[in-house]
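> below is the sequence, then the predicted model.
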Amino acid sequence: MNQEAPQARTPTGALATDDASVNAQQGEWLTTAGGVRLRDTDHSLKAGERGPTLLQDHHLREKITHFDHERIPERVVHARGAGAHGRFIGYGTAEPVCSAGFLGADRETPVFVRFSTVLGSRGSADTVRDTRGFATKFYTDDGTFDLVGNNIPVFFIQDGIKFPDVIHAGKPQPAREIPQAQSAHDTFWDFVSLHTEAQHHTLWNMSDRGIPRSYRMMEGFGVHTFRLSNAAGETSLVKFHWKPRLGVHALVWEEAQLACGFDPDFHRRDLADAIEAAAYPEWELGIQVFPDEPDQMFAGIDLLDPTKIVPEELAPVQPIGRMILEHNPSNYFAETEQVAFHVGHLVPGIDVTDDPLMQARLFSYVDTQITRLGGPNYTQIPINSPHAPVNDMLRDGFHQHAVHRGVAPYRPNSLDGGCPFTAGDAEGAFRDTAVQIAAGPKTRAQAASFDDHFSQPRLFWRSMTPVEREHIVAAYSFELGKVNDQAVKERQLQCLANIDPTLCARVADALGLPAPDATAPEATTEAADPAPSAALSMIGATWPVEGRLVGVVACAESPADEIARIRGALVEAGITPLLIGPTGAPLPGGLPPQRTFATARSIEYDAVLLASGTAERDDKELRLLLSECLRHAKPIAGVGDADQALVAGGMAPRTAGVVLAEDAEQALTRLIELLATHRVWERVAG
């Protein structure tokens, strides 16, 4: 039987090759979807110039029909996202615990990463207070591995059966479809105050982690405990961590609110601009390793409880590789919107555990893609296609692009010579870990070790610095201040009392309500005073400054050579300078400003430097920029006579983090030192 397949062509009519450009539009002429060249796409076919449109206009029908079906259902959660391509380089250090090939020493694997917010629609703003998704697709030689995580290491719920409930509670209220992308409303707080297992995640969300400065400065976590196996078949339990090279950094609340209005695309623009500027975002992947004991506990912590962490002081994060994002998508819909992740996309050496939230995700991810991407063949969409040979015997269905051969799509068979064959260990087959399952009755229940809902939130609160605690108090006060139902406020205050009495008292005072006493048993045990974990705080370390943005304020009186020296020194340090001028007119030296006093706001910059010659400026827009930088604890520098402009902007000569220098080199040296700590927190502390 002749089973020669059709000639391999791309969706755009080109012969299929390894050249990625063949997937783009082809030729110089406008055509129909069938490749027929068109002479006119501005006028429909009519019966005379003023007559009715004719049904026979095949081009009109094709064009309008395709337009009518351009949109696909957005994700129920994580609808608002941004993505980038890159590569992962293994260190080889995972070999003692994991046989996965992509973790081998110096092994490079292509990746695609999608960052996202959870609650908002595709049209919502980037900088709302929310959990962020951090999903990575590894195109390994052994098949696709998806590490589908968040920027918070714990989740709201312990069992996946509650996932519809927590999302329904967090989404806009049904009657009005408001508020959009907000947790500051009654139904969210009603849920988390009743389901006290949610308090740990909620506390992280009320911290600065809920409003990241940038995707480039955001940690990622696998959330669940995974089971790894090495070449000898020995198993370990692990948690995955992504550590950003630039450190963990956040917006302050006013910045987040300003960005929602001035630049709702703040995070996706920052990511794309950094990659275009070759300030490539980078993370190190690490694992916490635990013995694979029958009880799946470590230091009294249930490793199957997704609302718990293991402090890094008890189990250090061991680096196993690094990831660099180097390419922006060429088409948002084709790549970022159509990418489909699945917790069950595993490779040999990595397996799941019995975490009840993880178990539900293993079903949910496949199910949602079938609806959202129009059928079971979503893995054939280019962004989802494996980089390993596929011989799955999965036939037909919507959007089947493969052309299968053979007459026997079943096993065993003799008509196709027995093909495809099953693989063994020598051929790198995936092996389901043979875990011993304890006997027990079928039950809708959970282990008693899941019942402690407050000791870990207390650990997080006790690990915060004073300024971080101030932000948490302010976040709870704002969010609960938006709640209308008095009983919900009182119930959440009771939860806060079980976490920490000071936190509860301060939020209660802001709400004008009495602070209740603690009632949870774990609030009165030795867990009531945990040792702080330094790894939970975002403040106190220094980080590389590459990829930061510095606004350079100059005017017609600023020396051209000074402007050139400032820009050159910043670029040499890996920092992107953005020139800010009074208007769009060229600055001395002929350089056009990238921003004007009217368009520059503090949210865009990590620091601001005023060149000399700005002393006489008395622009209200410049004063606004400087006052925002002052309030947002950002480093500020002035060269020469620029100190007078700083004073006009409300800065006293000895304000913390304000650098005054006679020459640009001195100002830049100190400014870069301050940038390494993210912000000048002593300016706003206390």
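Received the coordinates, thanks.

> so which residue is smack in the middle of this structure?
Phe115 (3.2 Å; Cα atoms, centre = their mean).

> surely it forms part of a strand?
Yes: assessed with DSSP: H, G, I helix; E, B strand; the rest coil, Phe115 lies in a strand.

> can you count the residues close to the nearest residue to it once chain neighbours are set aside?
Residue nearest to Phe115 in three dimensions, not counting chain neighbours: Tyr215, with 4.4 Å by Cβ to Cβ, 6 or more residues apart in numbering. Heads up, the C-betas are built off the backbone N, CA and C, glycines and all. When counting by other Cβ atoms under 10 Å, one arrives at 25 neighbours for Tyr215.

> against Gly349, how distant is Tyr215?
In this view, Tyr215 and Gly349 are 28 Å apart by Cβ to Cβ, to the nearest Å.

> what's the answer for Asp643, then?
Taking Cβ to Cβ, one finds Asp643 at 60 Å from Gly349.

> of the two, which one has the most company?
Per other Cβ under 10 Å, whichever of Asp643 and Gly349 has more neighbours is Gly349, with 24 against 21.

> tell me if I'm right that that one and Ser99 touch.
Yes: in terms of Cβ atoms under 8 Å, Gly349 counts as a neighbour of Ser99; the distance is 3.9 Å.

> give me the common contacts of the two.
Listed as contacting both Gly349 and Ser99 by Cβ atoms under 8 Å, 6 or more residues apart in numbering are 229-230.

> so which residues of the stretch 251-400 of the chain form helices?
Under the criterion DSSP state H, counting those that start in this stretch, helices of the stretch 251-400 of the chain are mapped to 253-262, 266-276, 356-372.

> dump the first one to PDB, restricted to CA.
This points to helix 253-262. Extracted in PDB, the C-alpha atoms of helix 253-262 (Å, rounded to 0.1, in the frame of the first residue of the first chain):
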ATOM      1  CA  TRP A 253       2.100  50.700  47.000                       C
ATOM      2  CA  GLU A 254       1.900  54.200  45.500                       C
ATOM      3  CA  GLU A 255       4.100  53.100  42.600                       C
ATOM      4  CA  ALA A 256       1.800  50.100  41.900                       C
ATOM      5  CA  GLN A 257      -1.300  52.400  41.800                       C
ATOM      6  CA  LEU A 258       0.400  55.000  39.600                       C
ATOM      7  CA  ALA A 259       1.600  52.300  37.200                       C
ATOM      8  CA  CYS A 260      -1.900  50.900  36.800                       C
ATOM      9  CA  GLY A 261      -2.900  54.300  35.400                       C
ATOM     10  CA  PHE A 262       0.200  55.500  33.600                       C
END
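
> who are the packing partners of it?
If you count contacts as 3 or more Cβ pairs under 8 Å, 6 or more residues apart in numbering; DSSP states H and E, helix 253-262 packs onto helix 466-481, helix 620-631.

> any buried residues in that helix, and which?
Neighbour-count burial for helix 253-262, counted by 16 or more other Cβ atoms under 10 Å, picks out 253, 255-260.

> likewise for the longest one?
Buried residues in helix 356-372, counted by 16+ other Cβ under 10 Å: 356-361, 364-366, 368-369, 372.

> adding pLDDT and distance to Thr422, write the residues you listed out as TSV.
Shown next, in TSV, are those (pLDDT from 0 to 100; distance: Cβ to Cβ, whole Å):
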residue	pLDDT	distance to Thr422
Pro356	94	31
Leu357	94	32
Met358	94	27
Gln359	93	26
Ala360	93	29
Arg361	94	27
Ser364	90	28
Tyr365	89	25
Val366	89	22
Thr368	89	29
Gln369	91	26
Arg372	93	31
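
> and which of those residues is nearest to Ala508?
Closest approach to Ala508 among those (Cβ to Cβ): Leu357, at 31.8 Å.

> contact partners for that closest one?
Counting by Cβ under 8 Å, 6+ apart, the residues that Leu357 touches are 155, 157-160, 163, 223-224, 306.

> turn those residues into JSON lines, including pLDDT.
As requested, those are exported to JSON lines (pLDDT from 0 to 100):
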{"residue": "Phe155", "pLDDT": "97"}
{"residue": "Ile157", "pLDDT": "95"}
{"residue": "Gln158", "pLDDT": "95"}
{"residue": "Asp159", "pLDDT": "95"}
{"residue": "Gly160", "pLDDT": "93"}
{"residue": "Phe163", "pLDDT": "94"}
{"residue": "Val223", "pLDDT": "98"}
{"residue": "His224", "pLDDT": "97"}
{"residue": "Pro306", "pLDDT": "97"}
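
> among those, which lie within helices?
Phe163 (DSSP state H).

> for ChimeraX, what selects the buried ones among the contacts of Leu357?
Selecting only the buried entries of these in ChimeraX, with 16+ other Cβ under 10 Å as the criterion:
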select :155,157,158,159,160,163,223,224,306
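
> ok, of the contacts of Leu357, which one's closest to Lys489?
For the contacts of Leu357, the nearest to Lys489 is Ile157 (22.0 Å; Cβ to Cβ).

> ok, and the closest non-adjacent residue to that closest one?
Nearest residue to Ile157, sequence neighbours excluded (Cβ to Cβ, 6+ apart): Val166, at 5.5 Å.

> and if you look at Pro593?
In space, and not counting its chain neighbours, Pro593 is closest to Gly581: 3.2 Å by Cβ to Cβ, 6+ apart.

> bridged to the one you found, which residues?
Here Gly581 sits in beta bridges with Thr596, as judged by DSSP bridges.

> that one: neighbour count?
Count around Gly581 with other Cβ under 10 Å applied: 23.

> where's it relative to Val507, distance?
Separation of Gly581 from Val507 (Cβ to Cβ) stands at 45 Å.

> and for Gly440?
Note on Gly440: its distance to Val507, by Cβ to Cβ, is 42 Å.
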